[in-house]
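K.L.:
Sequence below, structure please.
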Amino acid sequence: MDLAELGPALAGRRVVKGTLLLVESNTTGTGRLFARQARELGYEPVLAAADPSRYPYAAEDSVRVVRCDTSDACAVLDSDTGEVAGVTSSSEYFIPVAARIAAKLGLPGPDPLAVTECRNKAHQRAVLGTPCTVATSVAEAVAAAAEFPVVLKPAEGSGSVGVLRCETPEAVATQAAALLSVTHNERGLPVPAQVLVEPYASGPEYSVELFGDVVVAVVRKHLGPAPFFVEVGHDVPAALPPLDETALIDTARAAVTALGLGFGAAHVEIRLTPSGPWLMEVNPRPAGGMIPELVRASTGVDLVAAQVAAVLGLPPDLRASRRACASLRFLTATSSSVVAAGDAVAKASTVPGVAEGRLYRPDGTVVRPARDYRDRAGHVLAVADRPRGARAAAAAGLDRLRAALVPAPKGEAR
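P.N.:
Here you go, the predicted structure:
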């Protein structure tokens, strides 16, 4: 076959420029979008995973998976990852490993030490001067709770797992004992025997989505009932008074700088208390909870695409291309329930303004009242010209999606 004949044969084929190495992934939300974005840019996504069964989307999207010990940068590098052009992770737990691999390969990425230290909330509090006591025993935790309510949380965690508002010394003791008994997280990685005891900060919660020093969005967050801190919804834009928005942005930027971050995306969570912004935590990664998709629906800025571009050494596109209002509401159970989808998704999707309705669990799955992100059963995303319209459409869509949860038989719990 000569060159003239090769032309039609190669037409439409994408020249692969190398691989984008994904060190594990988040299991809900935007994880699979990283692989899709790599392909859009002409790179082959390769998912390194200790347990590939966590990621059904890999088989569905024909993503090549390499099984290896993803807690060890050298073990990942020794696996068959191809000609690596960039490295990242959409999982909170594996950002430090991805950063170490990128540094070893001389590829773009965040400072490995900065992201490793940032994952420890005790370190964050010490650097940023946020009131907090780090306890390593139940007695220390109880002694630290001088005024109630207080919030207890693990020193390293994600998705509100283990975070609890406590009103009494007995509740503190019970939660501290539970947290200190955990030696490894849900991904099998060791966790420090540390419990953070913090004052409870009242007020609405927001997040500032940064990319480098660029403010992409300020997000209004909605939480489920106490004593847990489950995020049950988000709004973009946050529709804040300008002075409040500026205060949140200034707080977020100062925190990112103090922690030695600044490469790529950062997700900074803040409460706006009567006395001003109260920094909750800084995450050196794009937000979870479908926030990148919400930001894209509202502004046109694709945070996943920007993160993938940055680790590949390409210029990220952070230009807003639209001005809309977007709201997302998660489906959670108020009592022990079972998923029975029926036509709930279809009905939710017919609500004017609803752009997407989705269930995360197959029929027959038992769902408990939400204690952390793992208990969210689905979501509705709505877009409108004004904040009130987006919120109303999301609420109406969620009401229809609730039909997918039916009461669980007595005695059946997850």
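K.L.:
How much space separates residue 52 from residue 33?
P.N.:
As for residue 52, its distance to residue 33 is 18 Å (criterion: CB to CB, to the nearest Å). The C-beta positions use only the backbone N, C-alpha and C, and glycine is treated the same way.
K.L.:
Looking at those two, which is more packed in?
P.N.:
A direct count of neighbours by other CB atoms under 10 Å for residue 52 and residue 33 places residue 33 higher, at 23 against 15.
K.L.:
in the stretch 301-414 of the chain, which spans are helices?
P.N.:
For the stretch 301-414 of the chain, helices defined by DSSP state H, counting those that start in this stretch occupy the ranges 303-311, 344-349, 387-401.
K.L.:
TSV for these, including distance to residue 290, mean neighbour count and mean pLDDT?
P.N.:
Output for the helices of the stretch 301-414 of the chain, formatted as TSV (distance: least, CB to CB, whole Å; neighbours: other CB atoms under 10 Å; pLDDT from 0 to 100):
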stretch	distance to residue 290	mean neighbour count	mean pLDDT
helix 303-311	11	24	98
helix 344-349	15	19	98
helix 387-401	12	21	98
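K.L.:
Adding distance to residue 56 as columns, could you present these in JSON lines?
P.N.:
Listed next are those as JSON lines, based on distance: least, CB to CB, whole Å:
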{"stretch": "helix 303-311", "distance to residue 56": "19"}
{"stretch": "helix 344-349", "distance to residue 56": "18"}
{"stretch": "helix 387-401", "distance to residue 56": "21"}
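K.L.:
Which one of these lies nearest to residue 20?
P.N.:
Closest to residue 20 of the helices of the stretch 301-414 of the chain is helix 303-311 (CB to CB; 6.5 Å).
K.L.:
Return the longest helix in this structure, judged by number of residues.
P.N.:
helix 242-258 (DSSP state H).
K.L.:
If you count contacts, what does that helix end up packed against?
P.N.:
Helices and strands touching helix 242-258, by 3 or more CB pairs under 8 Å, 6 or more residues apart in numbering; DSSP states H and E, are helix 121-128, strand 205-211, strand 214-223, strand 265-273, strand 276-283.
K.L.:
now the angle between helix 303-311 and the second one, please.
P.N.:
Interaxial angle, strand 205-211 versus helix 303-311 (axes from the mean of the first three to the mean of the last three CA atoms, to 10 degrees): 40 degrees.
K.L.:
who does strand 205-211 touch, helix- and strand-wise?
P.N.:
Judged by 3+ CB pairs under 8 Å, 6+ apart, the packing partners of strand 205-211 are strand 214-223, helix 242-258, strand 265-273, helix 291-299, helix 303-311.
K.L.:
The fourth one now?
P.N.:
Under the contact criterion of 3+ CB pairs under 8 Å, 6+ apart, strand 265-273 touches strand 205-211, helix 242-258, strand 276-283, helix 303-311.
K.L.:
Could you list the buried residues of it?
P.N.:
For strand 265-273, the neighbour count (16 or more other CB atoms under 10 Å) marks 265, 266, 267, 268, 269, 270, 271, 272 as buried.
K.L.:
Show me what it pairs with in its sheet, parallel or antiparallel.
P.N.:
As defined by DSSP bridges, the strand partners of strand 265-273 come to strand 205-211 (antiparallel), strand 276-283 (antiparallel).
K.L.:
Spit out the contact partners of the spatially closest residue to residue 320 that is not a sequence neighbour.
P.N.:
Distances taken as CB to CB, 6 or more residues apart in numbering place residue 299 nearest to residue 320, at 4.4 Å, with adjacent residues excluded. Residues in contact with residue 299, defined by CB atoms under 8 Å, 6 or more residues apart in numbering, are 216, 217, 236, 320, 321, 322, 323, 324.
K.L.:
how about these in JSON lines, adding pLDDT, distance to residue 389 and neighbour count?
P.N.:
Shown next, in JSON lines, are these (pLDDT from 0 to 100; distance: CB to CB, whole Å; neighbours: other CB atoms under 10 Å):
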{"residue": "216", "pLDDT": "98", "distance to residue 389": "22", "neighbour count": "25"}
{"residue": "217", "pLDDT": "98", "distance to residue 389": "18", "neighbour count": "25"}
{"residue": "236", "pLDDT": "98", "distance to residue 389": "13", "neighbour count": "27"}
{"residue": "320", "pLDDT": "97", "distance to residue 389": "20", "neighbour count": "12"}
{"residue": "321", "pLDDT": "97", "distance to residue 389": "20", "neighbour count": "10"}
{"residue": "322", "pLDDT": "96", "distance to residue 389": "15", "neighbour count": "11"}
{"residue": "323", "pLDDT": "96", "distance to residue 389": "14", "neighbour count": "10"}
{"residue": "324", "pLDDT": "98", "distance to residue 389": "10", "neighbour count": "17"}
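K.L.:
Closest one to residue 330 out of the residues you listed, please.
P.N.:
residue 236 (15.1 Å).
K.L.:
Which of the helices and strands packed on strand 265-273 sits closest to residue 401?
P.N.:
Taking CB to CB, strand 205-211 is the member of the helices and strands packed on strand 265-273 nearest to residue 401, at 23.3 Å.
K.L.:
Please enumerate residues in contact with the closest one?
P.N.:
215-221, 223, 238, 240, 248-249, 251-253, 256, 264-272, 280, 286-287, 291, 295, 303, 306-307, 310, 316, 318.
K.L.:
Which parts of the stretch 101-250 of the chain are helices?
P.N.:
Counting by DSSP H, counting those that start in this stretch, the stretch 101-250 of the chain has helices at residues 112-118, 121-128, 138-144, 169-180, 242-258.
K.L.:
Turn those helices into TSV, including mean neighbour count, distance to residue 158 and mean pLDDT.
P.N.:
Below are the helices of the stretch 101-250 of the chain laid out as TSV (neighbours: other CB atoms under 10 Å; distance: least, CB to CB, whole Å; pLDDT from 0 to 100):
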stretch	mean neighbour count	distance to residue 158	mean pLDDT
helix 112-118	19	12	97
helix 121-128	18	11	95
helix 138-144	17	21	98
helix 169-180	18	14	98
helix 242-258	16	18	98
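K.L.:
Understood, closing this out.
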